[in-house]
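> Fold the following and give me the result.
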Amino acid sequence: MNLLALAAPGVLTGSRTARETFDAALAAHRLTGRLVLTTSHEHLRSEAAAADGEFLLVTGDDTPVDDLLAGIDATVVRVDLDARDADRSTRVRRHVRWRGTAGLRFAVDDWFHERTTPARRVPYGPHPDQYAHLRTPDPADHGPGPFPVAVLVHGGYWRSRWENDLMHAAAADLTARGFATWNLEYRRPDLHGWDATTADVDTGFGVLHSVEAPLDLTRVVTLGHSAGGQLVTRLAADRASSELRPTLTVSLAGCLDLHSIHARGLSEHAVAAALGGPPHLIPEVYAAASPMARLPIGLPLAVVCCRGDDPDLLDASRRFADAALAAGDDVRVVEDDGDHFSVIDPAAPVWARVVDLLERVRAAPAADPLVDVQP
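Predicted structure coming up:
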């Protein structure tokens, strides 16, 4: 597969690092491609008009792509290295923004997964961020279903520049193994408030009842990475007595003790920014949101972390697991070498151990979905 990336005039000029980042991302997926640094608006439009299929477009201002490419039939992955509002242009399938030069890598990853494991976008609300990407296994390999479901919730310290493309690789891997995957997007609190985030995760999970697909809702696992680990563990506590609830909740390098993560100032006090203030001002919000404060959760849990992660996140995972066991929860702990992102990388050794946990759920008879996940 060949990928074209067009940079608007002057945006990446002189950036050897940008070209190296793009080339490395291509190599990681065994892709070919070229990065064109256009020299004028006319040059950009000429290259775009000649493009064969979707391409990457690296822009440098707030001009909507529908205006920039007016009259050209194209879809793009838009990339902005710096801070931009989301471009809702009809020609933009994904807008990777505010991720620096690494945004080029994320854009290549997204383009690759859309080509190799395309997903169905399913809205669950009116806002553009209220949707999930659904992938179902190939019936030729796994039969007609119904399939166990893996719900994936991304992290990013609850900030809007981080989206569900972070979980594409994990979703594609699990779909190939026989899971239907529901890669959830949600409104983030930096733009919409904490209540919107909490409501979206619950609604985006609950709507599985109405999804037109062969889903086995007696075998639903949730996997949340980083901030997503907090969201899925809180979801488990909220739904412990509901008809639709997770068979297994997996925290992947999760933010499991919001009080300590706030006190230690992680990611420039991201917890207070997300929840709307420090715990002494809104204690009831922290009491409802922090997994540590919700113990016992009342449903099976897995706590997955890597020894090369931020030591305070690692510490929070370890203390949460110990406290959950002491509170009587059914908990399995997985620790391995790696960093914060190894837990969602199908090539990392720790991922094989995550898959082993999920395989027990996948293989369980529907009549007995709550499998033993103890070591």
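> going forward, measure contacts and count neighbours with C-alpha atoms only.
Will do.
> Would you enumerate the residues in contact with the spatially most central residue of the chain?
With distances taken as CA atoms, centre = their mean, H154 lies nearest the centre of the chain, 2.8 Å away. Taking CA atoms under 8 Å, 6 or more residues apart in numbering, we find H154 in contact with 163-164, 166-167, 184-185, 224-228.
> distance of A48 from L68?
A48 is 10 Å from L68, where distance means CA to CA, to the nearest Å.
> Comparing the two, which residue is more hemmed in?
More crowded of A48 and L68, by other CA atoms under 10 Å: A48, with 24 against 13.
> Mind telling me what element V108 is part of?
Per DSSP states H and E, V108 falls inside helix 103-116.
> ok now that helix, how far from the chain's centre?
Centroid separation for helix 103-116 versus its chain: 14 Å, with CA atoms, centre = their mean, to the nearest Å.
> That helix packs against which elements?
Helices and strands touching helix 103-116, by 3 or more CA pairs under 8 Å, 6 or more residues apart in numbering; DSSP states H and E, are helix 16-28, strand 76-80, strand 92-97, helix 168-176.
> most neighbours per residue, which of the ones you listed?
Looking across those with neighbours counted as mean count of other CA atoms under 10 Å, the highest average goes to strand 76-80: a mean of 25.
> now that strand: how far from the chain's centre is it?
The chain centroid and the centroid of strand 76-80 are separated by 18 Å under CA atoms, centre = their mean.
> dump the residue contacts of the closest residue to T59 other than its chain neighbours.
Among residues not flanking T59 along the chain, A8 sits closest, at 5.3 Å (CA to CA, 6 or more residues apart in numbering). By CA under 8 Å, 6+ apart, the contact list for A8 reads 37-41, 44, 57-60.
> From those, which land in strands?
Here DSSP state E is the test, and the contacts of A8 give 37, 57-58 as lying in strands.
> Residues in contact with the helix holding V108: which ones?
18, 21-22, 24-26, 29, 56, 77-81, 96-97, 165-166, 168-169, 172.
> Packing partners of the helix or strand hosting R319?
Assigned by DSSP H and E, R319 falls within helix 311-326. Packing partners of helix 311-326 (3+ CA pairs under 8 Å, 6+ apart): helix 258-263, strand 301-306, strand 331-336.
> most neighbours per residue, which of these?
Most buried of these, by mean neighbour count (mean count of other CA under 10 Å): strand 301-306, with a mean of 25.
> Residues contacting it, please?
Contacts of strand 301-306 (CA under 8 Å, 6+ apart): 248-254, 314, 317, 321, 329-340, 342-343, 350, 354.
> Go again with 7 Å.
With CA atoms under 7 Å, 6 or more residues apart in numbering as the test, strand 301-306 has contacts from 248-253, 314, 317, 321, 330-340.
> Quick one, which of those residues are buried?
248-253, 314, 317, 321, 330-336, 338, 340 (16 or more other CA atoms under 10 Å).
> Mind jotting down where the helices sit in the chain?
Secondary structure of the chain (DSSP state H): helices located at 16-28, 41-50, 65-68, 103-116, 139-142, 168-176, 189-192, 194-206, 227-238, 258-263, 266-275, 283-289, 311-326, 349-363.
> and those, which one is worst for confidence?
Among those, helix 349-363 has the lowest mean pLDDT, at a mean of 92.
> Just the CA trace of stretch 36-49, in PDB.
The C-alpha trace of stretch 36-49 is given here as PDB (Å, rounded to 0.1, in the frame of the first residue of the first chain):
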ATOM      1  CA  VAL A  36       5.400  16.200  -0.400                       C
ATOM      2  CA  LEU A  37       6.200  19.700   0.900                       C
ATOM      3  CA  THR A  38       4.000  21.800  -1.400                       C
ATOM      4  CA  THR A  39       5.300  25.300  -2.400                       C
ATOM      5  CA  SER A  40       2.000  27.000  -3.100                       C
ATOM      6  CA  HIS A  41      -1.800  26.700  -2.700                       C
ATOM      7  CA  GLU A  42      -2.000  25.800  -6.400                       C
ATOM      8  CA  HIS A  43       0.700  23.100  -5.900                       C
ATOM      9  CA  LEU A  44      -1.200  21.600  -3.000                       C
ATOM     10  CA  ARG A  45      -4.500  21.500  -4.900                       C
ATOM     11  CA  SER A  46      -2.800  20.000  -7.900                       C
ATOM     12  CA  GLU A  47      -1.300  17.100  -5.800                       C
ATOM     13  CA  ALA A  48      -4.600  16.600  -4.000                       C
ATOM     14  CA  ALA A  49      -6.500  16.400  -7.200                       C
END
